[in-house]
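> here is my input, please return the structure:
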Amino acid sequence: MTDESLPAWYQDALKSFVNKEGVLPPPWIFSENAHPSSLQWRMGAGETYMMVFFEWWANFPTEAQRIAYFQKWPPPPRWYAWMSDFIWDLKPWEAGGEFNYQPYFDRLKNLGFPDGDRYQADLDDEQWR
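Numbering: from 1, shown residues only. Down below sits the predicted model:
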């Protein structure tokens, strides 16, 4: 789908979210102190942002491009699972039961993202309750 074929609301939202370099920053830049499971991503501006992000993400078809994108904006540890899903097209909801992200966190560590061991602690931090 080309940008011209997308609805006007998408075109307008994309223009408002893209930075000066023509890049859409990841959600933790859009909302610096947000939790990945926050309701803000399911309503209002956050929902619009995620809808635009999912569509815009098609601009990064290779693993190398995706990794380079996240190296520009390293996420807080609580976003590591989300980042893994996007880099490797993971669909943990299809696995049924608990999904083991550890092999992906190990890969991330080798790529220069060292905080996989802090993922759960950051995700469960008291500040998110």
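> so which strand or helix has residue 16?
Here residue 16 sits within helix 8-17, counting by DSSP states H and E.
> got the CA positions of the following helix or strand past that helix in PDB?
Using DSSP H and E, the next helix or strand after helix 8-17 towards the C-terminus is helix 27-30. Taking Å, rounded to 0.1, in the frame of the first residue of the first chain, the C-alpha atoms of helix 27-30 are listed here in PDB:
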ATOM      1  CA  PRO A  27       6.300   4.800  21.000                       C
ATOM      2  CA  TRP A  28       8.600   5.300  23.900                       C
ATOM      3  CA  ILE A  29       9.700   8.600  22.200                       C
ATOM      4  CA  PHE A  30       6.200   9.600  21.400                       C
END
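> pLDDT of the next helix or strand after helix 27-30, averaged?
As assigned by DSSP H and E, the chain's next helix or strand after helix 27-30 is helix 44-56. Here helix 44-56 scores 89 as its mean pLDDT.
> residues contacting helix 44-56, please?
1, 6, 9-10, 13-14, 17, 24, 26-27, 30-31, 34, 38, 40-41 (C-beta atoms under 8 Å, 6 or more residues apart in numbering). The C-beta positions use only the backbone N, C-alpha and C, and glycine is treated the same way.
> check contacts around residue 123.
35, 36, 77, 78 are the contacts of residue 123 under C-beta under 8 Å, 6+ apart.
> and with 7 Å instead?
residue 78 (C-beta atoms under 7 Å, 6 or more residues apart in numbering).
> quick revisit: restricted to buried residues, select the contacts of helix 44-56 in ChimeraX.
Restricted to buried positions by 16 or more other C-beta atoms under 10 Å, the ChimeraX selection for the contacts of helix 44-56 reads:
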select :10,13,14,17,24,26,27,30,34,40,41
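> just to revisit the earlier point, and for the helix holding residue 16, what's in contact with it?
3, 24, 48, 49, 52, 55, 56.
> recalculate using a threshold of 8 Å.
So helix 8-17 is contacted by 3, 6, 24, 25, 30, 48, 49, 51, 52, 55, 56 (C-beta under 8 Å, 6+ apart).
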